[in-house]
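Asks: Sequence and predicted structure, then a few things I'm wondering about:
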Amino acid sequence: MIPAGQGRTVRTAGVMGTVASIHVIAADGSREHRAVLAAIDACFDELRDVERVFSTFRDDSDICRLRDGLIEADEADARVAVVRAACVDAKDSTGGRFDAWRRGWFDPTGYVKGWATEHAARSMLAPLLGRAGIDAVGINVGGDMQLFTAAESAWLWHVGVADPTRCGEVSATMEVRNGAVATSGTAERGAHIIDPHTNAPVLGVASATVVADGLELADLWATTAVIAGFDDLSWIASPGVRSGLVVSSDGRVRRWANGLELTASDRSTAAPDALPFAVRRGA
Amino acid sequence: MKKIIYGLLATVAGVVLLFSYRTSLDAVAPAASTGGTTRNGTSTGSSGSTSTGSTTSAGSTASGSTSTSSPSSSASASASSSSLKDGSFTGQAVDTRYGPVQVRITVSGGKITKVSVPQYPTQSFRDQQINQQAVPTLVSETLSAQSAKIDMVSGATYTSDGYLQSLQSALDGARA
């Protein structure tokens, strides 16, 4: 553990309606301090620029002007086509649970944050690892993070998952060296996730957390998990998904890793003569 | 007595691959609460432990929801307390479809407190990759972010205002 204040540089900035936090872990924080701060600023700048193009809260964004018919697709920022293609794939891979066209026009709001954060982090922050003394760098945008650790470093990111039912507490922890963790749910902003199939707000899942290689995928599947519901874990073996957990609105928890559900916490299936933790006999 | 232990170990070996990872097994010791499912006592045998009706986030109103059956878990805990001897026990390697698995359990106070896998299967188990699976470990008791040495908090997206009340904000402030 790097002591607070020593070797850890933290900067925050408001972007995309939330706050981004960047942490840079360095055995000797002073040596490369200027380069670290420059990389952090560049990352924040890129996120603000993506917001300028994609925000649905700005009438002058490319997305809003496309929606309003003020520009054609080929006049928009080149990144719009990239995200549009990704959203086509996402709709397909999630079986329509994620649908950027649900509102009748192309609204990639639910996709852009994860995509932009992963790409900004990979291009602006990850290169810091090549510098002497820097162990790790990570960015957390509104609860969704992309983390990097230098191959030769012993650093481990200790990630807490906010308890959706008890404000200010964590319900699980995990250790990540390289990868992304995203959580979707109703805990912070109420029932704002819409099931495209029913057009109704999703209520059964308080929060869903997905660990994946990249935040673009982690965020997509965390959102999809909320829409799929607490009972449906059929998607957990999807490419890129490593592990995660889902918490139901009434506080039940399901976990999985490597495509397998971890049933140890499921006491409801424990037979009277079972071990203190549930065991599937003959599995 | 020995029969029970080794029967137990064989059974555990068969399922250990479901958990895939030692850390997750550590987290399912009887004392571990299942992250808000039930807040019952640590298997003292009292089945009447109350679960606090978990309230939900803004937007839905489930309340007083019943917890999953605590009778079964407490029953098993009391049963085990009368049959398990304290100590560490290592089972024989058992062949599974994932390869050989050897399990070690630690019993303390009549309860299994730890399950670990001294011998990892090598075929199609890929230790290296498994170790990067970042298996979520359920928190066993009330835990503040600071006490858990947490670096980052993942949660439903907070607004700019919500950030100020967030755990992440506390972590950023503590380490800025």
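Replies: That came through fine.
Asks: Up against chain B, what does the stretch 1-150 of chain A have?
Replies: Applying CB under 8 Å from any CB of the partner chain, we find that the stretch 1-150 of chain A lies next to chain B at A:1, A:4-5, A:8, A:10-12, A:14, A:17-19, A:21, A:23, A:113, A:138, A:140, A:142-145, A:147. C-beta: built from backbone N, CA, C; applies to glycine.
Asks: Buried among those? Make that a PyMOL selection.
Replies: Burial among the residues of the stretch 1-150 of chain A next to chain B is assessed by 16 or more other CB atoms under 10 Å in any protein chain shown; the matching PyMOL selection reads:
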select buried, chain A and resi 8+10+11+12+17+18+19+21+23+113+138+140+142+143+144+145+147
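Asks: what residue ranges in the stretch 151-283 of chain A score low on pLDDT?
Replies: Flagging of the stretch 151-283 of chain A using pLDDT under 70 yields the residue ranges A:187-191, A:263-283.
Asks: rerun that using 80 as the cut-off
Replies: A:167-168, A:186-203, A:260-283 (pLDDT under 80).
Asks: for chain B, same thing?
Replies: For chain B (pLDDT under 80), the answer is B:1-149, B:157-161, B:164-165, B:173-176.
Asks: Show me where the stretch 151-283 of chain A has its strands.
Replies: Applying DSSP state E, counting those that start in this stretch to the stretch 151-283 of chain A gives strands spanning A:157-162, A:170-176, A:179-185, A:194-195, A:200-201, A:205-212, A:241-248, A:253-257, A:260-262.
Asks: Just want the angle from the second one to strand A:179-185.
Replies: Okay, so that is strand A:170-176. For strand A:170-176 against strand A:179-185, the angle by axes from the mean of the first three to the mean of the last three CA atoms, to 10 degrees is 160 degrees.
Asks: Strand A:170-176 near chain B anywhere?
Replies: Yes - applying CB under 8 Å from any CB, one finds strand A:170-176 touching chain B at A:170-176.
Asks: which of the strands of the stretch 151-283 of chain A sits most buried?
Replies: Mean neighbours per residue, mean count of other CB atoms under 10 Å in any protein chain shown, is largest over those for strand A:179-185, with a mean of 31.
Asks: From the contact counts, what lies against that strand?
Replies: Judged by 3 or more CB pairs under 8 Å, 6 or more residues apart in numbering or on different chains; DSSP states H and E, strand A:179-185 is in contact with helix A:109-120, strand A:144-149, strand A:157-162, strand A:205-212, helix A:215-228, strand B:152-154.
Asks: Export these to CSV and append columns for distance to residue A:45.
Replies: Shown next, in CSV, are these (distance: least, CB to CB, whole Å):
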stretch, distance to residue A:45
helix A:109-120, 9
strand A:144-149, 17
strand A:157-162, 24
strand A:205-212, 26
helix A:215-228, 18
strand B:152-154, 22
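Asks: Quick check: which of the ones you listed is nearest to residue A:128?
Replies: strand A:144-149 (8.2 Å; CB to CB).
Asks: Adjacent strands (with direction) for the closest one?
Replies: strand A:134-141 (antiparallel), strand A:179-185 (antiparallel) (DSSP bridges).
Asks: Now do it against helix A:215-228, angle only.
Replies: 140 degrees.
Asks: Tell me which residues are up against strand A:144-149.
Replies: A:113-114, A:117-118, A:121-122, A:125-126, A:129, A:135-139, A:155-157, A:159, A:176-183, A:214-215, A:218-219, A:222, B:152, B:154, B:157 (CB atoms under 8 Å, 6 or more residues apart in numbering or on different chains).
Asks: State the distance from residue A:166 to residue B:164.
Replies: Applying CB to CB, to the nearest Å, the value for residue A:166 to residue B:164 is 18 Å.
Asks: for residue A:149, same thing?
Replies: As judged by CB to CB, residue A:149 and residue B:164 stand 29 Å apart.
Asks: who's more crowded, those two?
Replies: residue A:149 (21 against 12; other CB atoms under 10 Å in any protein chain shown).
Asks: Which strand residues bridge the more buried one?
Replies: Residues in beta-bridge contact with residue A:149 (DSSP bridges): residue A:136.
Asks: how about stretch A:104-122: buried residues?
Replies: Residues A:106-108, A:110-121 are the ones in stretch A:104-122 that count as buried (16+ other CB under 10 Å).
Asks: Going by distance to chain B, which of the residues you listed wins?
Replies: residue A:113 (7.6 Å; CB to the nearest CB).
Asks: tell me the mean pLDDT over the host helix or strand of residue A:21?
Replies: For residue A:21, the element it lies in under DSSP states H and E is strand A:18-26. Mean per-residue pLDDT for strand A:18-26: 93.
Asks: Next: stretch A:68-79.
Replies: Stretch A:68-79 shows an average pLDDT of 94 in the prediction.
Asks: By residue count, what's the longest helix in chain A?
Replies: helix A:33-54 (DSSP state H).
Asks: Give the other helices and strands that that one contacts.
Replies: strand A:8-15, strand A:18-26, helix A:62-67, helix A:78-93, helix A:109-120, strand A:134-141.
Asks: Could you rerun that using 6 Å?
Replies: In terms of contacts (3 or more CB pairs under 6 Å, 6 or more residues apart in numbering or on different chains; DSSP states H and E), helix A:33-54 is packed against strand A:8-15, helix A:109-120.
Asks: ok, and the closest non-adjacent residue to residue A:207?
Replies: Closest residue to residue A:207 apart from its sequence neighbours, by CB to CB, 6 or more residues apart in numbering or on different chains: residue A:185 at 3.0 Å.
Asks: Give me the distance between residue A:44 and residue A:147.
Replies: Per CB to CB, residue A:44 is found 17 Å from residue A:147.
Asks: again, but for residue A:133
Replies: Taken as CB to CB, the span from residue A:133 to residue A:147 is 18 Å.
Asks: Repeat that for residue B:168.
Replies: Distance, residue B:168 to residue A:147, using CB to CB: 14 Å.
Asks: Same question for residue A:15.
Replies: Counting by CB to CB, the gap from residue A:15 to residue A:147 is 18 Å.
Asks: ditto for residue A:139
Replies: 8 Å.
Asks: who's in contact with the residue nearest to residue A:100 when sequence neighbours are not counted?
Replies: Nearest-residue entry for residue A:100: residue A:87, 4.0 Å, with adjacent residues in sequence omitted and distances by CB to CB, 6+ apart. Residue A:87 makes contacts with A:100, A:108, A:111, as judged by CB atoms under 6 Å, 6 or more residues apart in numbering or on different chains.
Asks: Let's have those in CSV, adding distance to residue A:59 and pLDDT.
Replies: Below are the contacts of residue A:87 laid out as CSV (distance: CB to CB, whole Å; pLDDT from 0 to 100):
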residue, distance to residue A:59, pLDDT
A:100, 19, 94
A:108, 17, 94
A:111, 21, 95
